[in-house]
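Student: How does the following fold in three dimensions:
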Amino acid sequence: MIGYAMCGSFCTHKASLEALRAVASSHDVLPILSFNAASTDTRFGTARDLIDTVSSITGHEPVMTIKDAEPLGPKRPLDALIISPCTGNTLAKLACAITDTPVTMAAKAHLRTDRTLLIALASNDALAANLSNIGSVLVRKNIFFVPMRQDDVVAKPHSLVADFTLVPEALDAALAGRQLRPLFL
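Tutor: Have a look, this model is predicted:
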């Protein structure tokens, strides 16, 4: 089973849901939602619609609490965990070992069993305050990134966003122990 966690980068949810559909076409997938993804209505959609959509795509109700995410290590192992989108906030928490959301708890529980974690980053400060966190996480065992690019070099010069169409290919590479290259498109 593959875990598929979504954080609150709401403008990337549509692309992430397409990636989820692609992954779910060949894997059994357990959805995991951050507190913000599971509870915030935005101009991009409602929280209820997101919950219903991920449930429909995967056939599973999403994990939405820290308590329900904690067993995703030794008690309920996943073959891989994808965080897509992974916000800069969640990336910073992963870099600093902070476990205070369902997504960060799932990642902590998952990594303690030395399994694959794939990050599809979507961060407006990736090339500024979060750059050191990318480096910190990138060198860790079993953590891989979906290749990413600057999405708007003029209006958002520090922003990076994953190419969500590469999630399935990046997952295959990560499961084989390889970082899909080039990392920056």
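Student: quick one: residue 97 from residue 23, how far?
Tutor: For residue 97, the distance to residue 23 (CB to CB, to the nearest Å) stands at 27 Å. For the C-beta atoms, the positions are set from N, CA and C on the backbone; glycine is no exception.
Student: Neighbour count: those two, which is higher?
Tutor: Higher neighbour count among residue 97 and residue 23: residue 23, with 22 against 10, using other CB atoms under 10 Å.
Student: Let me know the pLDDT of the more buried one.
Tutor: What the model reports as pLDDT for residue 23 is 98.
Student: Which positions in the helix or strand hosting it come out as buried?
Tutor: Using DSSP states H and E, residue 23 maps to helix 13-24. Using 16 or more other CB atoms under 10 Å as the test for burial, helix 13-24 gives 13, 15, 16, 17, 19, 20, 22, 23, 24.
Student: gap between the lowest-mean-pLDDT helix or strand in the chain and the chain center?
Tutor: Least confident element among the helices and strands of the chain, by mean pLDDT, DSSP states H and E: helix 131-138 (a mean of 92). With CA atoms, centre = their mean, to the nearest Å as the basis, helix 131-138 stands 15 Å off its chain's centre.
Student: who touches the helix or strand immediately after that helix in the chain?
Tutor: As assigned by DSSP H and E, the chain's next helix or strand after helix 131-138 is strand 143-145. For strand 143-145, the external contacting residues (CB atoms under 8 Å, 6 or more residues apart in numbering) are 111, 116-121, 134, 137-138, 162, 170, 173-174, 178-180, 183.
Student: What of stretch 47-54?
Tutor: Under CB under 8 Å, 6+ apart, the answer for stretch 47-54 is 4, 6, 13, 17, 20, 31, 33, 37-41, 62, 64.
Student: Repeat the analysis, applying 7 Å as the threshold.
Tutor: With CB atoms under 7 Å, 6 or more residues apart in numbering as the test, stretch 47-54 has contacts from 13, 17, 20, 31, 37, 38, 39, 40, 41, 62.
Student: ok, now how distant is the fifth one from residue 145?
Tutor: So that's residue 37. 20 Å.
Student: Looking at the two, which is more packed in?
Tutor: Higher neighbour count among residue 37 and residue 145: residue 37, with 28 against 23, using other CB under 10 Å.
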